[in-house]
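[1] this is a predicted model, with the sequence first.
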Amino acid sequence: MKALVVFGTRPEIIKLAPIVYKLKEKMEVRVFHTRQHDELADDVIKFFKISPDFNEKTMLHSADERRSGRMGTILRAINPDIVIVQGDTFTTYAGAFTAFLLRKPVLHLEAGLRTHKKFSPFPEETFRKLVSNLADFHFVPTETSKQNLLREGIAKDRIFVAGNTIVDAANMALKNINEEEAISEIYKYNHDSDLDEMLRTKKLVIITSHRRENIGQPLKRICAAVKQLSEKYDDLLFIWVLHKNPNVREIVFNELKERNSNLKLVEAFTYPTMLYFLQKSQFILTDSGGIQEEVVSLHKPVIILRDDTERPEVVEYGLGFMVGTDIEKIITTFTKLHDDVDFYKKITKIDNPFGDGQTSQRVLDFLMKPQTQDFLENYPESAEHVFEDKD
């Protein structure tokens with residue numbers, strides 16, 4: 001059996017790395033990297049020691065047809081038995097759409113996430129719905145995601161609750177993180193003379209923000225809230241990890257031009273360093289979907305700087321607190337987490353809603369089943385086949 005794994009963004013690489021390694025135990029795996037993320041992706045490629053078979057610099061502002069055409073040429077040459085995509089990016093959609101055009105079966109990992117709002121997040125919500133209509137197999141992280149797909153008419157026998165490979169990836173990564181390298185990386189981006197003492201004596205707060213819908217006044221409000229919190233809690237070290245988007249950077253630099261010494265702005269960390277500091281942190285404020293998943297895997301509470309989340313389990317389980325960009329809500333929620341020690345301890349003991357770190361094994365087990373292999377061998381004639389005994 002031959003599988004083609006398609007990725008292009010940093011989060012996709014992180015979440016598909018365990019899949020690549022696990023599937024290679026039993027089958028031939030080819031990797032197509034679209035380089036949707038360029039510099040941001042390089043460190044995770046290096047960290048996970050993945051060598052893409054195809055490393056295509058096909059930027060997303062080019063036409064759909066041109067992109068799919070190049071991908072289609074490669075897909076025809078590889079002639080995989082199955083194409084595996086993950087998440088909700090343009091790369092995800094391009095991979096699934098190209099496979100559909102060439103009548104190749106598609107497995108969608110992390111399927112079924114929904115906010116039920118077309119432009120929130122934009123354009124991810126629409127991409128993930130489009131991919132659901134193209135995929136043959138939908139591996140969802142939770143029961144909530146499964147119900148989302150059932151409501152949209154996806155056949156029950158094609159949906160598999162398997163957990164999220166972000167847990168598999170975090171487990172892999174934590175075994176290989178070099179603490180010395182992680183600590184030294186922060187000094188590349190910040191040369192303040194007080195940083196060393198602060199890292200040794202203060203508890204950490206990590207902040208990230210990059211979502212399109214937050215650019216503008218929402219991000220300015222986040223900056224104002226973080227600035228006030230850093231002034232209120234001088235026992236904490238606030239580290240704002242900057243995104244590469246120049247629109248985001250301009251706002252953050254302007255709004256935080258004057259700030260307390262315990263609020264540091266640093267460039268984007270490599271994946272292992274980011275994971276290291278998330279693990280060491282006391283609190284996380286973010287509008288990132290992937291970081292929501294990572295921090296709950298590390299049993300950390302997360303303040304979600306969004307009005308909607310496609311990962312409601314984080315909030316429902318009590319690990320996340322959705323505050324949007326309202327200054328008062330951000331400060332009130334942070335204060336509760338900081339000041340109520342028992343409340344904080346209770347949160348750190350909550351189970352991870354995204355599984356046990358065995359998602360990639362479940363994908364492999366499914367693909368190796370005789371019923372699945374029969375389906376793949378007879379595709380596309382088998383496209384409407386019912387999986388009567390999927391468990």
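    Yes, it's here. Predicted model, so just to flag it, every value in this text is computed and none were measured. Numbering: from 1, shown residues only.

[2] ranges for the strands of the stretch 101-250 of the chain?
    106-109, 137-140, 159-161, 203-208, 236-241 (DSSP state E, counting those that start in this stretch).

[3] any idea how far stretch 70-89 is from the middle of the chain?
    21 Å (CA atoms, centre = their mean, to the nearest Å).

[4] got the buried residues for it?
    70-72, 74-75, 78, 80-89 (16 or more other CB atoms under 10 Å). (Each C-beta comes from the backbone N, C-alpha and C, glycine too.)

[5] taking the mean pLDDT, what do you get for that stretch?
    For stretch 70-89, mean pLDDT is 92.

[6] repeat that for stretch 254-274.
    pLDDT averaged over stretch 254-274 gives 93.

[7] what would it look like as CSV? C-alpha coordinates only.
    Extracted in CSV, the C-alpha atoms of stretch 254-274 (Å, rounded to 0.1, in the frame of the first residue of the first chain):
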residue,chain,number,x,y,z
ASN,A,254,3.0,50.3,18.5
GLU,A,255,0.6,49.4,21.3
LEU,A,256,3.4,48.0,23.6
LYS,A,257,6.1,50.5,22.8
GLU,A,258,6.0,51.6,26.4
ARG,A,259,5.7,48.6,28.7
ASN,A,260,6.8,47.2,32.0
SER,A,261,10.1,45.3,32.1
ASN,A,262,8.3,42.0,32.9
LEU,A,263,6.6,42.1,29.5
LYS,A,264,8.9,40.8,26.8
LEU,A,265,8.3,40.6,23.0
VAL,A,266,10.2,37.8,21.3
GLU,A,267,10.3,36.4,17.8
ALA,A,268,8.4,33.2,17.0
PHE,A,269,10.0,30.2,18.7
THR,A,270,10.9,27.0,17.0
TYR,A,271,8.4,24.2,17.8
PRO,A,272,10.4,22.4,20.5
THR,A,273,11.2,25.7,22.2
MET,A,274,7.6,26.8,22.1
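
[8] quick one: distance of it to the chain centre.
    Using CA atoms, centre = their mean, the offset of stretch 254-274 from its chain centre is 21 Å.

[9] can you tell me the closest non-neighbouring residue to Asn247?
    Ile215 (5.2 Å; CB to CB, 6 or more residues apart in numbering).

[10] near that neighbour, how many other residues are there?
    16 (other CB atoms under 10 Å).

[11] how about Ile177?
    Other residues close to Ile177 by other CB under 10 Å number 15.

[12] likewise for Pro141?
    26.

[13] against Phe277, how distant is it?
    24 Å (CB to CB, to the nearest Å).

[14] do Tyr271 as well
    Tyr271 is 11 Å from Phe277, by CB to CB.

[15] next: Pro52.
    27 Å.

[16] low-confidence stretches in the stretch 1-150 of the chain?
    57-69 (pLDDT under 70).

[17] which stretches in it count as helices?
    10-23, 39-47, 64-78, 90-101, 124-134, 143-151 (DSSP state H, counting those that start in this stretch).

[18] tell me the domain boundaries of this structure?
    Residue ranges for each domain of the chain read 2-164+355-377, 180-348, as given by automatic domain parsing.

[19] count of neighbours near the nearest residue to His299 once chain neighbours are set aside?
    Once flanking residues are discounted, His299 sits nearest to Thr348: 4.8 Å by CB to CB, 6+ apart. Counted with other CB under 10 Å, the neighbours of Thr348 add up to 11.

[20] what's the answer for Leu16, then?
    26.

[21] give me the distance between it and Val44.
    10 Å.

[22] do Phe90 as well
    18 Å.

[23] so between these two, which is more surrounded?
    Val44 (24 against 20).

[24] and that one, what does it touch?
    10, 13-14, 17, 270-271 (CB atoms under 8 Å, 6 or more residues apart in numbering).

[25] hang on, the earlier thing: for Asp307, which of the strands of the stretch 101-250 of the chain is the nearest?
    Proximity to Asp307 (CB to CB) singles out strand 203-208 among the strands of the stretch 101-250 of the chain, at 17.0 Å.

[26] and that closest one, what's buried?
    Under 16+ other CB under 10 Å, the buried positions of strand 203-208 are 204-208.

[27] what is the nearest of those residues to Phe97?
    Thr208 (30.1 Å).

[28] contact partners for that closest one?
    240-241, 243, 285-288, 291.

[29] can you tell me how far it sits from His108?
    Thr208 is 26 Å from His108, by CB to CB.

[30] and for Gly72?
    On the measure of CB to CB, Gly72 and His108 end up 19 Å apart.
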